[in-house]
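Asker: With the input below, show me the fold.
(one chain, ligands or ions: 1)
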Amino acid sequence: MARVVGLLAHRWFSGAFRGPLQVIRCPAPQLHVSGPAMAASQEDFAKAMNQVKLLKEDPGNEVKLKLYALYKQATEGPCNAPKPGMLDFILKAKWDAWNALGNLPKETARQNYVDLVSSLSASSCSQVTPAADKKQAESDSLVVTSEDGITTIRLNRPAKKNALTTQMYRDIMRALEAASEDSSRITVLTGSGDYYCSGNDLTNFKDIPPDKVEERAQSSAVLLRDFVDRFIDFPKPLIAVVNGPAVGISVTLLGLFDVVYASDRATFHTPFSHLGQSPEGCSSYIFPKMMGPSKAAEMLIFGKKLTAREALAQGLVTAVFPDDTFQKEVWARLKAYAKLPPNAMRIAKRLMRHQEKEKLHAVNAEESRVLAERWVSDECITAIVAFLSKKAKL
Ligand SMILES: CCCC/C=C/CC(=O)SCCNC(=O)CCNC(=O)[C@H](O)C(C)(C)COP(=O)(O)OP(=O)(O)OC[C@H]1O[C@@H](n2cnc3c(N)ncnc32)[C@H](O)[C@@H]1OP(=O)(O)O
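Answerer: Numbers count the residues shown, from 1 in each chain. Okay, here's the model as predicted:
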């Protein structure tokens with residue numbers, strides 16, 4: 001049946017076929033995607049329909065079915081056609097795809113269609129001119145590129161040691177959503193400059209009016225929870241290329257990556273008690289399991305900074321490379337991995353992750369709730385004021 005669908009789907013594509021889903025990569029100013037917040041105009045929709053015909057590469061049956069379903073949903077609304085017979089393979093596959101969109105509003109379907117086409121156009125461009133495949137986030141602090149089957153999310157605030165602003169959390173979430181749907185096989189997070197990441201940007205806590213502190217703590221906890229959820233649920237192999245020192249949340253999150261490669265210049269520091277804060281990124285659950293409770297306590301309670309070799313010994317890092325050959329060796333390895341069959345990789349990841357998912361979401365929810373309390377504590381406020389007034393540094 002798959003073969004029959006394959007042959008015929010190819011035909012749809014050259015004709016009136018148009019197709020699916022949410023998120024993805026676009027060369028345009030936004031990174032991504034779906035949702036009622038951004039409504040594509042009829043004109044954008046018409047342009048996207050024309051763009052589909054110009055794609056240089058066949059995007060594959062799965063994508064074509066999505067395009068078809070979104071097109072139908074955008075133009076006719078929820079599936080209203082009678083269900084085709086079991087033996088009518090092509091019609092049945094199309095009907096299933098359309099019907100799966102349920103009550104998705106027409107405007108959202110139209111937007112998702114436009115985004116999908118945009119992503120497909122960008123990926124087909126990138127094969128000709130990889131440099132043109134730079135995705136724009138809301139700011140230049142995050143650079144997302146796709147090449148050789150690898151989507152790379154690069155923290156790009158070297159002057160601030162890649163500290164994470166609120167906007168960067170949002171952009172990373174969008175980049176992960178896009179990467180989970182695009183044609184890349186693996187996804188990498190790395191940093192620009194000498195640091196991998198110095199953790200949460202402590203100026204995120206600046207200039208909050210006293211009567212808004214509690215509210216801001218709650219909204220930051222929601223952001224944190226959503227952010228970490230994206231890592232828990234990310235379906236493809238996720239690799240951290242730790243090019244230098246890592247602090248705070250950039251360390252704790254490593255437990256949710258599939259593989260962590262580190263330069264021998266990298267260090268791993270979680271100074272939560274020093275900051276009057278508490279662990280996040282599911283580290284309160286993953287680190288004790290990974291390295292044993294007492295080693296985890298040294299990091300998460302006492303803020304012991306690990307060298308790359310120590311982190312390797314604790315299982316937090318997969319492999320350490322000399323800094324002068326780090327980039328070359330790591331990218332050669334990743335390019336080879338990105339040639340492996342994508343479905344097999346996803347399935348292997350799913351098998352390893354799915355038993356833990358529920359637990360991880362519960363841990364994340366609890367850690368985020370507790371952090372909201374810590375952020376309004378005297379201990380935390382004192383530590384942050386000390387940093388912001390340049391009296392303290394790690
Ligand atoms: C909603 C989500 C919440 C998630 C919660 C997460 C918890 C965490 O991540 S806790 C960890 C927070 N991070 C820190 O406490 C690190 C603070 N930074 C430092 O201690 C030092 O800057 C550091 C040791 C990283 C580097 O020291 P140096 O090599 O001496 O460099 P500089 O201090 O001169 O840094 C250059 C420049 O960058 C600014 N910077 C660095 N890190 C941060 C940061 N995390 N937040 C804000 N700003 C940061 C630093 O202030 C310097 O700025 P300028 O003085 O303006 O040049």
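
Asker: Residue 337 and residue 186 touch, don't they?
Answerer: Yes - Residue 337 is in contact with residue 186 according to C-beta atoms under 8 Å; the separation is 6.0 Å. (Glycine included, C-beta is placed from N, CA and C.)

Asker: which residues are in contact with both of those two?
Answerer: residue 237 (C-beta atoms under 8 Å, 6 or more residues apart in numbering).

Asker: before we move on, what SS does residue 152 have?
Answerer: Here residue 152 is recorded as strand under DSSP: H, G, I helix; E, B strand; the rest coil.

Asker: Excluding covalently adjacent residues, which one is nearest to it?
Answerer: Once flanking residues are discounted, residue 152 sits nearest to residue 188: 4.7 Å by C-beta to C-beta, 6 or more residues apart in numbering.

Asker: next one: residue 204
Answerer: residue 166 (5.6 Å).

Asker: ok, how many other residues are close to the one you found?
Answerer: Neighbourhood size, residue 166 [other C-beta atoms under 10 Å]: 14.

Asker: dump the residue contacts of it.
Answerer: By C-beta under 8 Å, 6+ apart, the contact set of residue 166 is 201, 204, 220, 223.

Asker: which residues sit in contact with residue 239?
Answerer: Contacts of residue 239 (C-beta under 8 Å, 6+ apart): 186, 187, 188, 189, 257, 258, 259, 260, 261, 334.

Asker: what's downstream of the strand or helix carrying residue 373, the next helix or strand?
Answerer: Per DSSP states H and E, residue 373 falls inside helix 342-375. Scanning forward in sequence from helix 342-375 by DSSP H and E, the next helix or strand is helix 378-388.

Asker: Send me that next one as CSV with only the CA atoms.
Answerer: In CSV, the C-alpha atoms belonging to helix 378-388 read as follows (Å, rounded to 0.1, in the frame of the first residue of the first chain):
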residue,chain,number,x,y,z
ASP,A,378,15.2,37.4,50.1
GLU,A,379,18.1,35.0,49.4
CYS,A,380,17.5,35.2,45.6
ILE,A,381,16.8,38.9,45.5
THR,A,382,20.0,39.6,47.5
ALA,A,383,22.1,37.5,45.1
ILE,A,384,20.7,39.0,42.0
VAL,A,385,21.0,42.6,43.3
ALA,A,386,24.7,41.8,44.1
PHE,A,387,25.3,40.6,40.5
LEU,A,388,23.5,43.5,38.9
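
Asker: and it, average pLDDT?
Answerer: On average, the pLDDT along helix 378-388 is 92.

Asker: Can you check the pLDDT for the residue lying closest to residue 114 once chain neighbours are set aside?
Answerer: Closest residue in space to residue 114, ignoring its immediate chain neighbours: residue 40 at 4.1 Å, by C-beta to C-beta, 6+ apart. With respect to pLDDT, residue 40 has a value of 76.

Asker: did I read that right, residue 40 in a helix?
Answerer: No - judged by three-state DSSP, residue 40 forms no part of a helix; its state is coil.

Asker: nearest to residue 286, of the contacts of residue 239?
Answerer: Taking C-beta to C-beta as the measure, residue 286 sits nearest to residue 257 out of those, at 10.5 Å.

Asker: Check the stretch 251-394 of the chain for the residue nearest the ligand and tell me.
Answerer: Per C-beta to the nearest ligand atom, the residue of the stretch 251-394 of the chain with the smallest distance to the ligand is residue 394, at 3.6 Å.

Asker: hmm, back to that, the residue nearest to residue 114 against residue 116, yeah?
Answerer: No - Residue 40 is beyond contact range of residue 116, at 10.9 Å (criterion: C-beta under 8 Å).

Asker: So which of those two has more stuff around it?
Answerer: The neighbour comparison of residue 40 against residue 116 (other C-beta under 10 Å) goes to residue 116, with 30 against 21.

Asker: I figured that one was touching residue 65, is that so?
Answerer: No - look at residue 116 against residue 65 with C-beta under 8 Å: they stay out of range, at 11.5 Å.

Asker: Okay, buried residues for the helix or strand containing residue 213 please.
Answerer: In the assignment (DSSP H and E), residue 213 maps to helix 213-233. Within helix 213-233, the residues scored as buried using 16 or more other C-beta atoms under 10 Å are 216-217, 220-221, 223-225, 227-232.

Asker: what do you get for stretch 104-116?
Answerer: For stretch 104-116, by 16+ other C-beta under 10 Å, it's 104, 108, 109, 110, 111, 112, 113, 114, 115, 116.

Asker: now do stretch 41-50
Answerer: Here stretch 41-50 shows 44, 45, 48, 49 as buried, counting by 16+ other C-beta under 10 Å.

Asker: A helix includes the first one, no?
Answerer: Yes - following the definition three-state DSSP, residue 44 is counted among the residues of a helix.

Asker: How about the contacts made by it?
Answerer: 110, 114 are the contacts of residue 44 under C-beta under 8 Å, 6+ apart.

Asker: Return the distance of it relative to residue 284.
Answerer: For residue 44, the distance to residue 284 equals 45 Å [C-beta to C-beta, to the nearest Å].

Asker: ditto for the third one
Answerer: For residue 48, the distance to residue 284 under the criterion C-beta to C-beta works out to 45 Å.

Asker: out of everything not next to it in sequence, what's closest to residue 377?
Answerer: Spatially, and ignoring its direct neighbours in sequence, residue 377 is nearest to residue 276 (5.7 Å; C-beta to C-beta, 6+ apart).

Asker: need the helices for the stretch 101-250 of the chain, in chain order.
Answerer: With helices called from DSSP state H, counting those that start in this stretch, the stretch 101-250 of the chain shows them at 106-126, 166-181, 213-233, 249-252.

Asker: Let's see the shortest one as PDB, backbone CA atoms only.
Answerer: In PDB, the C-alpha atoms belonging to helix 249-252 read as follows (Å, rounded to 0.1, in the frame of the first residue of the first chain):
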ATOM      1  CA  ILE A 249      20.100  26.100  33.100                       C
ATOM      2  CA  SER A 250      22.400  25.400  30.200                       C
ATOM      3  CA  VAL A 251      24.000  22.600  32.400                       C
ATOM      4  CA  THR A 252      20.800  21.200  33.900                       C
END
